[in-house]
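*Asks:* need coordinates for the below:
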Amino acid sequence: MPTLDQSPLAPAAQYDTASIMGAIYGDGITGLKGAFSRAWVAALGEDLAGLYKDALARPGGAVGRGTNRHYVEIHPEDIRGFTELVSHPWVQAVCTAVLGPKYQIVEIGFDVPNPGARDQPWHRDFPATDQTLVERRLNSLAFNLTTVDVEPDMGPFDIAPGTQWDDPSEYDHGMFPPTSFYERYQARSQLKMPRMGDVSVRSALTIHRGTANCSDKPRPVLVLGVDAPGAGNHEKHDFQMTRRFYESLPLSLREHLLCRLVDQLEPVTQGHTIEGLMMGDA
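*Replies:* Residues are numbered from 1 along each chain as shown. Take a look at the predicted model:
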């Protein structure tokens, strides 16, 4: 799918590596306000709405993440703006600072907490490995980009900063802390209410949850997953591109794509299921 006529990129800038590392290794989350224009985000929102409708109509097209919540993995060329997103100087600076110069893009999709979505249990998106627990290194990042202005009643994303380092020995499946730990997360809780154009990035190990959407509006958010070499999260996804689209991208971008090349795009059967979120709510 073609990109927008006008690039939303901010002027080239140097971003401070120490500040980025301090935020991700400290709070476990950081962001950039106004990274993209509202027009760019509105076009992305239109694309995601169509893809969501198609996914719901296709067996295996969407995976549940709790009551009235879905995750949908998509193809980069099915949205406008993929190239602009992964080429944004702040996105590239964050990936390089945290994951190294050979970082790999392994996932793109979106979450939709619909009206009636309930509080999720506090969780991680996947278990921590020895690289984090023993070596104290983070080897993956999740970028989030809202397609709407988030209001307090729309089920804002909730995160407990600093908890990416917490000991998971008592977690269910290494991902779900017992309810006896919730007081700690509530004390640290930060509700995030970004505006159209804002981008955030976090360690998926930082304890977080979606909150109840009491409004009459969905809250779609784009997800971009990036790994350090060897992290292995690509095995949970089916990141596809047609050869024609792949070859149209600059070499400097292609070297960061860990994807499957196909002649014709194939429907994605969602593989990154999180059973504890599919089973119910907090």
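
*Asks:* mind listing what A97 touches?
*Replies:* Contacts for A97 (CB atoms under 8 Å, 6 or more residues apart in numbering) come out as 15, 17, 20-21, 24. Every C-beta, even on glycine, is put in place using the N, C-alpha and C of the backbone.

*Asks:* can you do 7 Å?
*Replies:* Shown in contact with A97 (CB atoms under 7 Å, 6 or more residues apart in numbering): 17, 20-21.

*Asks:* all strands of the protein, in order?
*Replies:* Ranges of strands in the chain, per DSSP state E, are 29-32, 63-64, 69-73, 104-113, 140-146, 157-159, 190-192, 199-202, 208-210, 221-227, 240-242, 260-262.

*Asks:* between the contacts of A97, which has the most around it?
*Replies:* I20 (19 neighbours; other CB atoms under 10 Å).

*Asks:* residues contacting that residue?
*Replies:* Taking CB under 7 Å, 6+ apart as the test, what I20 contacts is 30, 93-94, 97-98.

*Asks:* picking up where we left off before, which among the strands of the chain is found nearest to S252?
*Replies:* Each of these was scored for nearness to S252 using CB to CB, and the closest is strand 104-113 (12.6 Å).

*Asks:* reformat the strands of the chain as TSV; add distance to S87 and mean neighbour count.
*Replies:* Formatted as TSV, those follow (distance: least, CB to CB, whole Å; neighbours: other CB atoms under 10 Å):
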stretch	distance to S87	mean neighbour count
strand 29-32	14	20
strand 63-64	29	18
strand 69-73	21	22
strand 104-113	11	23
strand 140-146	13	23
strand 157-159	25	23
strand 190-192	24	14
strand 199-202	13	23
strand 208-210	27	24
strand 221-227	12	22
strand 240-242	15	20
strand 260-262	20	13
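
*Asks:* neighbours of the closest residue to G60 other than its chain neighbours, just the number please.
*Replies:* Leaving aside its sequence neighbours, G60 sits nearest to T269 (CB to CB, 6 or more residues apart in numbering; 4.1 Å). T269 has 12 neighbouring residues, counting by other CB under 10 Å.

*Asks:* and G100, how many neighbours?
*Replies:* 12.

*Asks:* next, it: phi, psi?
*Replies:* Dihedral angles of G100 (phi, psi; degrees, to the nearest 10) stand at phi 100, psi 170.

*Asks:* what residues are up against it?
*Replies:* A228 are the contacts of G100 under CB under 7 Å, 6+ apart.

*Asks:* how about 8 Å then?
*Replies:* 228-229.

*Asks:* do you know how far it is from V199?
*Replies:* 20 Å (CB to CB, to the nearest Å).

*Asks:* likewise D238?
*Replies:* If you go by CB to CB, the gap between D238 and V199 works out to 24 Å.

*Asks:* how near is G66 to V112?
*Replies:* 11 Å.

*Asks:* oh, I was asking about R118
*Replies:* 14 Å.

*Asks:* shaky segments in the chain?
*Replies:* Applying pLDDT under 70 to the chain flags residues 1-13, 270-282.

*Asks:* which helix runs longest in it?
*Replies:* Criterion DSSP state H: the longest helix present in the chain is helix 38-56.

*Asks:* from L138, how far out is the closest residue in space to L205 that isn't next to it in sequence?
*Replies:* In space, not counting the residues next to it along the chain, L205 is nearest to Q164; the distance is 4.2 Å by CB to CB, 6+ apart. As judged by CB to CB, Q164 and L138 stand 7 Å apart.

*Asks:* give me the common contacts of those two.
*Replies:* By CB under 8 Å, 6+ apart, the residues touching both Q164 and L138 are 132, 203, 205.

*Asks:* show me which of those is closest to N144.
*Replies:* Among the shared contacts of Q164 and L138, and counting by CB to CB, the member closest to N144 is S203, at 12.2 Å.

*Asks:* hang on, the closest one packs against S140?
*Replies:* Yes. At 7.2 Å, S203 counts as touching S140 under the criterion of CB atoms under 8 Å.

*Asks:* what about I24, how many residues close to it?
*Replies:* So I24, with other CB under 10 Å, has 22 neighbours.

*Asks:* how about it, nearest residue that isn't a chain neighbour?
*Replies:* Closest to I24 by CB to CB, 6+ apart is V98, at 5.2 Å.

*Asks:* spit out the contact partners of the one you found.
*Replies:* 20-21, 24, 138, 141, 228.

*Asks:* nearest to W40, out of the strands of the chain?
*Replies:* Among those, strand 140-146 sits nearest to W40 (CB to CB), with 10.0 Å.
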